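# coordinates only, sequence not included:
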């Protein structure tokens, strides 16, 4: 079905709308906790079983080595986690794959889907997302111009730089990207 690990289509908004649909009565979204460094293998297992899933990725930052080539590759944005929409039989098959530690039930499906949608939109416009502490308080903003246009989150300022922070409540963490205050509006 959908594999969000590949590059998004020309319209990331339309792709996000299709990917992050509620699961329905028998299909629910789960947080899938993987074994260390098994996120891509778990994602491949989801593809094999045609399970709708999302593995947020970012570009690695290669270290500069003297006289050697610099390589860049995709690494999980949230190490140890992917998100999958499946029924109980598919969930059991995922657990049998050997790549998972456990699945975490999501009580507030709409909240999770909204948060994942914002992360997807941000990552399709920009590769500079990083893990960040979850913001419990803060002003809500929406980016109105630039590569993050349409993304909503909370604003954080540190040392004269501003970041849009996208919480992942169920994991108690967030991702963030730098923004120009001229490109945002308060909500």
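Structure received. Model, not experiment: these values are computed from the prediction.

# C-alpha only now, for contacts and for neighbours.
OK.

# any idea what sits nearest the most centrally placed residue in the chain, other than its immediate chain neighbours?
Nearest to the geometric centre of the chain sits residue 56, at 3.8 Å (C-alpha atoms, centre = their mean). Using C-alpha to C-alpha, 6 or more residues apart in numbering and skipping the chain neighbours, the partner closest in space to residue 56 is residue 77 (5.4 Å).

# Tell me which residues of the least confident helix or strand in the chain by mean pLDDT come out buried.
The helix or strand of the chain with the poorest confidence is helix 12-19; it has a mean of 82 (mean pLDDT, DSSP states H and E). Residues of helix 12-19 classed as buried by neighbour count (16 or more other C-alpha atoms under 10 Å): 12, 13, 15, 16, 19.

# now for that helix, which elements pack on it?
When contacts are defined as 3 or more C-alpha pairs under 8 Å, 6 or more residues apart in numbering; DSSP states H and E, helix 12-19 packs onto helix 109-125.

# where does residue 71 fall, phi/psi-wise?
Torsion angles at residue 71 (phi, psi; degrees, to the nearest 10) stand at phi -110, psi 140.

# Contacts only, for it.
Applying C-alpha atoms under 8 Å, 6 or more residues apart in numbering, one finds that residue 71 lies in contact with residue 62.

# And it, how far from residue 62?
Distance, residue 71 to residue 62, using C-alpha to C-alpha, to the nearest Å: 6 Å.

# and residue 72, how many residues sit next to it?
Using other C-alpha atoms under 10 Å, residue 72 is surrounded by 12 other residues.

# just residue 145 next, same as before
Residue 145: 15 surrounding residues under other C-alpha under 10 Å.

# Tell me if I'm right that it and residue 185 touch.
No. Counting by C-alpha atoms under 8 Å, residue 145 sits too far from residue 185 to count as a contact (9.7 Å).

# which regions of this structure sit below the pLDDT cut-off?
1-10, 63-67, 126-127 (pLDDT under 70).

# try 80 this time
1-13, 61-72, 125-127 (pLDDT under 80).
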